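Novice: Sharing a sequence plus its predicted fold:
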Amino acid sequence: MSVAEEYISLREVGRRLGIPPSTVVYYKDKFERFIPASGPEGRRRKYPVEVVEIFGRIREMFSKNYSVEQIERELALKFGSMINVEQQGESVTAEFGRVLDKMSEALQDQSLFRSEIRSLRDEVADLRREHRDLVRGYQERVELLEEGFKVLRDKNIELERKVAAGPGGGIDFPPDLYLGRPLVIRSEGEFLGVQGRDKKHFSLKDFVVLIERRMSESMKVETSWSKKDGAWVLLVRTESNGGMSDQNIVLVTHETVTPSGNTVVEIIRLNINGEDAPDALLLSLFRQVRSVFGG
């Protein structure tokens, strides 16, 4: 038998290299794909005599503290040609199987990751919808509160006027219906009023509030109402702050019906510090009101 055809056992490998049989078996199990063999698995399995060199090199690299990866690279470079075709095929098949397993695991992880992303997106969308609903609800509540505050403020102004009039003092106060009617002036036989936003007419109440606010910026303002000959008379008295002159304003209005059948409140007299305001002044005043109130 020639050297190329000589086969030996693992025990013989250990004897030739002076390595314990258990160490040889460990090397064989660890680097089996680099060690050619013949015959069935088990004790009768034989190895070509060339494996002595392979086991010797493994022993040498272990003694130099090579890592398993370094040893595998070295064996592949130096002894790769000694591995039989069957082992190469089995090795490639096994390696391909491991690659497929890793790819399958990666695809599963990717599917789970995409599912998590979709779930998170749905949660974010729900949170955004809840936020929009909360903001919308908050804005609606604020608008309701502001409207309620305006109503309370108007009622408070009305109550202050009634309290200022005093019980049994012979001073009356216009009803809300009268205060809320459109306020007009008559110019050349025509009734002129101001229609504001949302078709809301400029009323006597709006005019009184406008006067009080404008004059209260620099003066102390007192108002009182009286009724004479079917007309309502508003007296606005001011007390100066910081040396400004006192002012007295008398506003006389009455309820009338326009040719078109609308019930309105007409200004029949506006007196400032004892002098009646001319019609031209009233007309100019209403034009200014239209520019502000009418938008």
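Specialist: Looks like it came in fine.
Novice: which residues of the stretch 151-295 of the chain fall in helices?
Specialist: 176-180, 204-216, 279-293 (DSSP state H, counting those that start in this stretch).
Novice: of all the ones you listed, which lies closest to Val264?
Specialist: Minimum separation from Val264 across these (CB to CB) falls at helix 204-216, 9.6 Å. The way it works is simple: take the backbone N, C-alpha and C, and place the C-beta from them, glycine included.
Novice: which residues are in contact with that closest one?
Specialist: 154, 157, 174, 178-181, 183, 221, 223, 234, 236, 238, 247, 249, 251, 253, 265, 289, 293 (CB atoms under 8 Å, 6 or more residues apart in numbering).
Novice: Just those residues: which are in strands?
Specialist: Counting by DSSP state E, the part of those found in strands is Leu183, Val221, Thr223, Leu234, Val236, Thr238, Ile249, Leu251, Thr253, Val265.
Novice: which of these sit farthest apart?
Specialist: The most distant members of those, if one measures by CB to CB, are Thr238 and Val265, lying 23.3 Å apart.
Novice: if we can go back for a sec, next, format the helices of the stretch 151-295 of the chain as CSV and append distance to Asp122, mean neighbour count and mean pLDDT.
Specialist: CSV is the format used below for these (distance: least, CB to CB, whole Å; neighbours: other CB atoms under 10 Å; pLDDT from 0 to 100):
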stretch, distance to Asp122, mean neighbour count, mean pLDDT
helix 176-180, 52, 15, 92
helix 204-216, 52, 17, 78
helix 279-293, 50, 14, 78
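Novice: mind checking which of the ones you listed is nearest Phe79?
Specialist: When the helices of the stretch 151-295 of the chain are compared (using CB to CB), the closest one is helix 279-293, at 100.4 Å.
Novice: Compute the inter-axis angle for that closest one and helix 204-216.
Specialist: Between helix 279-293 and helix 204-216, the angle comes out at 90 degrees (axes from the mean of the first three to the mean of the last three CA atoms, to 10 degrees).
Novice: Packing partners of helix 279-293?
Specialist: Here helix 279-293 touches strand 183-187, strand 190-193, helix 204-216, strand 263-272, going by 3 or more CB pairs under 8 Å, 6 or more residues apart in numbering; DSSP states H and E.
Novice: Show me how far it is from its chain's centre.
Specialist: Averaging C-alpha positions (CA atoms, centre = their mean, to the nearest Å) puts helix 279-293 46 Å from its chain's average.
Novice: which intervals of the stretch 1-150 of the chain have sub-threshold pLDDT?
Specialist: Scanning the stretch 1-150 of the chain for pLDDT under 70 picks out 1-5, 42-43, 81-96.
Novice: Ok, which of the helices of the stretch 151-295 of the chain comes nearest Glu32?
Specialist: helix 279-293 (97.3 Å).
Novice: follow-up on the earlier one: turn the helices of the stretch 151-295 of the chain into JSON lines, columns for distance to Gln110.
Specialist: What follows is the helices of the stretch 151-295 of the chain, written out as JSON lines (distance: least, CB to CB, whole Å):
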{"stretch": "helix 176-180", "distance to Gln110": "70"}
{"stretch": "helix 204-216", "distance to Gln110": "68"}
{"stretch": "helix 279-293", "distance to Gln110": "65"}
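Novice: and Ile272, which of the ones you listed is closest to it?
Specialist: Across these, closest to Ile272 is helix 279-293 (CB to CB), at 8.9 Å.
Novice: what's in contact with that closest one?
Specialist: Contacts of helix 279-293 (CB under 8 Å, 6+ apart): 185, 187, 192-194, 196, 202, 206-207, 210, 267, 270, 277.
Novice: ok so, going back, which stretch among the helices and strands packed on helix 279-293 comes nearest Val257?
Specialist: Within the helices and strands packed on helix 279-293, the stretch nearest Val257 is strand 263-272; the backing value is 5.4 Å (CB to CB).
Novice: average model confidence for the closest one?
Specialist: The pLDDT scores in strand 263-272 average 91.
Novice: go on, stretch 155-170?
Specialist: Averaged over stretch 155-170, pLDDT sits at 59.
Novice: right, and Leu31 touches Leu75 too?
Specialist: In this structure residue 31 is Phe, not Leu. Yes. Phe31 is in contact with Leu75 according to CB atoms under 8 Å; the separation is 6.2 Å.
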